[in-house]
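Q: here is the input, now give the coordinates:
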Amino acid sequence: MKNIKTIALLMTVCMAFCACSQNNTSNIDGEIVGQPEIGPEKPAEKTIERPYIPDGTNYGGHEFFVLIPSSYIGNHEDDEVYAEFENGEPLNDAIYKRNSIVESLLNIKIKSVVADAGTTELANYAKKLIQSGSDEFDAVVGANWTHIALVQSRCIENLYNVPNLDLSKPWWDQRAIDEMSYKKSKLYYICGDINYYDKYGIGIVYFNKRLFAENGLEYPYDKVKAGSWTLGEFAKLIKDYTRDINGDGKLDENDQWGMLENTGGVYHFLVGCGEKTVTLDGEGVPAINTISERHIQVVSALCELFSDKENVLLAGSKQLSHIANPYDDGIFKVFREGRGLMFFEMIGTIPTFREMEDDFGLLPLPKFDEAQKEYHSFTSYGWATSYSIPVTNSDLGRTGMILETMAGYSTDTLTPAVIDVSLKSKFARDEESAEMLQIIFDTKTYDLGVDYNWGGLYGVYNEAAQNGFVKFVSSMEKQIPKAEKDMEKVIELFEELN
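A: Model (predicted):
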C-alpha cells in the first residue's frame, strides 16, 4: 500500500511538472517558474466531508447483509442497497459505485437479502427471525412503519449507542433525527444520503402547465421563492375551476377538476402549514398538539377547502366509491389525461407520469400564511424508508462503521443520482421544478403521533376532509385520551430500552 501511494505521488508531481513546462515560463537562477494566466478566478471546489475510518480498519471480507422488502409501496421492485453491475441506469450505477468504494475501503462485500415479504409484511417477517435469534442480516431497510413495529417488539438497537455511527454528520437526515428522537437520546431508525425512498416518500403538489397557460395563470414558482406561496394563494387557483365537461349532470372522474387528492388531504396540508399532531418539548418529550389555537385555525381553513366537492376530488371518499380503484382509475387518470389543475402525491409517483402529454410543474405544500417562517413537507411513513439494526447483530461497531461509510460516500454518488438525474432531469419538466424539489427535500417533516398511530388521530383528519370542520373539535377531544394513553405506553417503552 505504501509503494502504491509513493508511485501515485510521483505521478502527480510529474504531471504537474509537465503541465508547467507547456505553459509560458521563464528561467530564474535555473528555476522554471510558470507565469500566471490572466482571467477570471475559478470557483473553489466544494470540499466533501468523509467519514473517519481509523488506520488499519479491515473487516476481512465480511459479507454485510441488509434485509429489504420484496417490493415497495406501489409495487416498485427497487433495491436501495445492492447493485450487481453497472447497467446505465443512474440509481443502479450510483449504488454500484458507492458500494465498490466502501467495499474497497473496509474490505467487505455488501449484499441485500430479499425478504419473502413486501413493505407491509416486512415487520412481521423480520420480527420472527430476530426473535428466533437469527443473525443472518446486519441491518434492515424498510418503510418507517416497519421499524416502528420492530421498536415496539424490542427488536432493534438504539442508534445513539452504536459505535462509529455519528448522528451529527450531514449525510444523516438531521430533521428526522431531531423530530424522531426521544429525549435526544433514543432513536431506532435513520435515513439520509444512504437511501432514496426517504425522498420518494415526500409529498408534493403537481400542477398542469398547459391548463395554467390556457387560463392565464402564473406559475407559482416566484411565490415559492419569495415565501408567499400560501394556502390562500392555493385556494384562489383551484376555486371555481371544476367543470362538468361531458355534460352528464354530475361531477366525477370524467370531468375537469381544480384539485385532486385523497382523504388524507387535510392532514397532508396541515403539515405544510407547520402543524403536527405531536410536538417535542425542549427535552425531547412528546405531547399531543391537536387542539391548540393555531392548529384549530389551520384545520378549519383546510376543511373549508377540502370538503368542497365542487373544487376537490378525493380518492377514498364517496365521490369515487363507484369505481374499484379510485386512485389509478380516478385521480391519477384525471391528472394524466390533462383534466386536473393541481394534484397532490408522493415524489415517488413522478415516474408514473413520464409519458404524460401535458407538461407539469412541481411545488412544495403551501404555507398557512406569510408569517410562517418556512415550508414543511409531509413525509409518508408508508413510503419513506430508513435503516435499523437488529438486536441480534453480533458486531455493532463493525455495522456502525459500515453504515457510516455507506452514508458518507452516498453524498456524491447516490444522492445526486436521485436528485439531479432521476428526479430533476429525467422526470421533472423544467429547471424551476428542480429548484422546488430541493426546497422540498430540505423541509421534510416527521410526526411521531401519526407514525405511531397514537389514538387513531389521523382518522379524525380524514373524516374532516370529507365532512367538514363541524365535528372536528368534538371528535378530536374524544380521541385525545386514547392518544395520550398510547403515547404514554411508548414513552414507558423508550424509558425501559437502552
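Q: going forward, measure contacts and count neighbours with C-alpha atoms only.
A: Will do.
Q: so where's this protein uncertain?
A: 1-45, 74-75 (pLDDT under 70).
Q: which SSE is residue 216 in?
A: When elements are assigned from DSSP states H and E, residue 216 belongs to no helix and no strand.
Q: mind naming the longest helix for this structure?
A: Longest among the helix segments of the chain by residue count, using DSSP state H, is helix 472-496.
Q: distance between it and the chain's centre?
A: On the basis of Cα atoms, centre = their mean, to the nearest Å, the separation between the geometric centre of helix 472-496 and that of its chain is 26 Å.
Q: pull out the buried positions in it.
A: Buried residues in helix 472-496, defined by neighbour count with 16 or more other Cα atoms under 10 Å: 472-473, 475-476, 479-480, 483-484, 486-487, 490-491, 494.
Q: same thing with stretch 237-246?
A: Taking 16+ other Cα under 10 Å as the neighbour-count basis, stretch 237-246 is seen to contain the buried residues 237-239, 241-243.
Q: what about residue 426, how many residues close to it?
A: The local packing of residue 426 (other Cα atoms under 10 Å) involves 15 other residues.
Q: now, the buried residues of stretch 237-246 that are in strands?
A: Members of the buried residues of stretch 237-246 lying in strands (criterion: DSSP state E): none.
Q: pick the one among those residues closest to residue 412.
A: Within the buried residues of stretch 237-246, the smallest distance to residue 412 is 38.2 Å, found for residue 237 (Cα to Cα).
Q: which residues touch that closest one?
A: Contacts for residue 237 (Cα atoms under 8 Å, 6 or more residues apart in numbering) come out as residue 258.
Q: relative to residue 178, how far out is it?
A: According to Cα to Cα, to the nearest Å, residue 237 stands 35 Å off from residue 178.
Q: check residue 304 too.
A: In this view, residue 304 and residue 178 are 32 Å apart by Cα to Cα.
Q: care to break the chain down by domain?
A: What automatic domain parsing lists as the domains of the chain is 62-200+382-425, 203-378+432-496.
Q: between the two ends of the longest one, how far is it?
A: Using Cα to Cα, the end-to-end distance of domain 203-378+432-496 comes out at 34 Å.
Q: repeat for the shortest one
A: Using Cα to Cα, the span of domain 62-200+382-425 from its first residue to its last is 37 Å.
Q: ok, which stretches of the stretch 301-450 of the chain are strands?
A: Assigned by DSSP state E, counting those that start in this stretch, the stretch 301-450 of the chain shows strands spanning 312-315, 340-346, 360-363, 377-378, 385-388, 444-445.
Q: so which of the ones you listed is nearest residue 324?
A: Comparing the strands of the stretch 301-450 of the chain against residue 324 with Cα to Cα, the closest turns out to be strand 312-315 (10.8 Å).
Q: which other residues reach that closest one?
A: 252, 257-263, 305-306, 319-320, 326-327, 330-331.
Q: go again with 10 Å.
A: The set of residues external to strand 312-315 that reach it, using Cα atoms under 10 Å, 6 or more residues apart in numbering, is 238-239, 241-242, 251-253, 256-265, 305-307, 319-321, 325-332, 334, 340, 342-343, 465-466.
Q: what comes up buried for it?
A: Within strand 312-315, the residues scored as buried using 16+ other Cα under 10 Å are 312-315.
Q: and of those residues, the nearest to residue 422?
A: Closest approach to residue 422 among the buried residues of strand 312-315 (Cα to Cα): residue 315, at 27.4 Å.
Q: which strand or helix spans residue 257?
A: strand 257-262.
Q: next one: the helix or strand following that strand to chain centre, how far?
A: As assigned by DSSP H and E, the chain's next helix or strand after strand 257-262 is helix 265-272. Relative to its parent chain, helix 265-272 has a centroid offset of 16 Å by Cα atoms, centre = their mean.
Q: okay, angle between helix 265-272 and strand 257-262 too, please.
A: In this structure, helix 265-272 runs at an angle of 90 degrees to strand 257-262, with axes from the mean of the first three to the mean of the last three Cα atoms, to 10 degrees as the basis.
Q: and helix 265-272, what does it pack onto?
A: Other elements packing on helix 265-272 under the criterion 3 or more Cα pairs under 10 Å, 6 or more residues apart in numbering; DSSP states H and E are strand 203-208, helix 293-306, strand 312-315, strand 340-346, strand 377-378, strand 444-445, helix 457-467.
Q: quick check: next helix or strand after it?
A: Tracing the chain C-terminally past helix 265-272 and defining elements by DSSP H and E, one meets strand 278-280 next.
Q: what are the contacting residues of the helix or strand that that next one is followed by?
A: Using DSSP H and E, the next helix or strand after strand 278-280 towards the C-terminus is strand 286-288. Outside strand 286-288, the residues within contact range by Cα under 10 Å, 6+ apart are 179-183, 276-281, 447-449, 454, 457, 480-481, 483-484, 487-488, 491.
Q: for the residue nearest to residue 450 when sequence neighbours are not counted, give its distance to residue 189.
A: In this structure, residue 450 finds its nearest non-sequential neighbour in residue 458, 6.1 Å apart by Cα to Cα, 6 or more residues apart in numbering. In this structure, residue 458 lies at 22 Å from residue 189, with Cα to Cα as the measure.
Q: same question, residue 471
A: Computed with Cα to Cα, the distance linking residue 471 and residue 189 is 36 Å.
Q: of the two, which one has the most company?
A: For residue 471 versus residue 189, neighbours defined as other Cα under 10 Å are more numerous around residue 189 (27 against 12).
Q: so that one makes contact with residue 384?
A: No: using Cα atoms under 10 Å, residue 189 is not in contact with residue 384, being 11.5 Å away.
Q: for residue 323, grab the count of nearby residues.
A: Using other Cα under 10 Å, residue 323 has 11 other residues around it.
Q: try the one 10 residues further on
A: By the measure other Cα under 10 Å, the count of residues near residue 333 is 16.
Q: now do residue 47
A: When neighbours are counted by other Cα under 10 Å, residue 47 registers 6.
Q: do you know how far it is from residue 98?
A: Computed with Cα to Cα, the distance linking residue 47 and residue 98 is 18 Å.
Q: just residue 159 next, same as before
A: Here the distance between residue 159 and residue 98 works out to 22 Å (Cα to Cα).
Q: same question, residue 225
A: The span separating residue 225 from residue 98 equals 33 Å under the rule Cα to Cα.
Q: skip the chain neighbours and tell me the closest residue to residue 148.
A: Closest residue to residue 148 in three dimensions, ignoring its sequence neighbours and counting by Cα to Cα, 6+ apart: residue 452, at 6.8 Å.
Q: the one you found contacts residue 488, correct?
A: No: with contacts defined as Cα under 10 Å, residue 452 does not count as touching residue 488, sitting 11.8 Å away.
Q: out of the buried residues of helix 472-496, flag the one nearest to residue 111.
A: Within the buried residues of helix 472-496, the smallest distance to residue 111 is 31.1 Å, found for residue 494 (Cα to Cα).
Q: contacts only, for the closest residue to residue 455 other than its chain neighbours.
A: Nearest residue to residue 455, sequence neighbours excluded (Cα to Cα, 6+ apart): residue 483, at 3.6 Å. Counting by Cα under 10 Å, 6+ apart, residue 483 makes contact with 277, 287-288, 449, 452-457, 476, 489.
Q: the same query, at a cut-off of 8 Å, please.
A: With contacts defined as Cα under 8 Å, 6+ apart, the neighbours of residue 483 are 288, 454-457.
Q: show me which of those residues are buried.
A: For those, burial is judged from neighbour counts taken by 16+ other Cα under 10 Å, and it is met by 288, 454-457.
Q: let me have the residues you listed in TSV, adding distance to residue 294 as columns.
A: Formatted as TSV, the entries for these read as follows, by distance: Cα to Cα, whole Å:
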residue	distance to residue 294
288	14
454	21
455	21
456	21
457	17
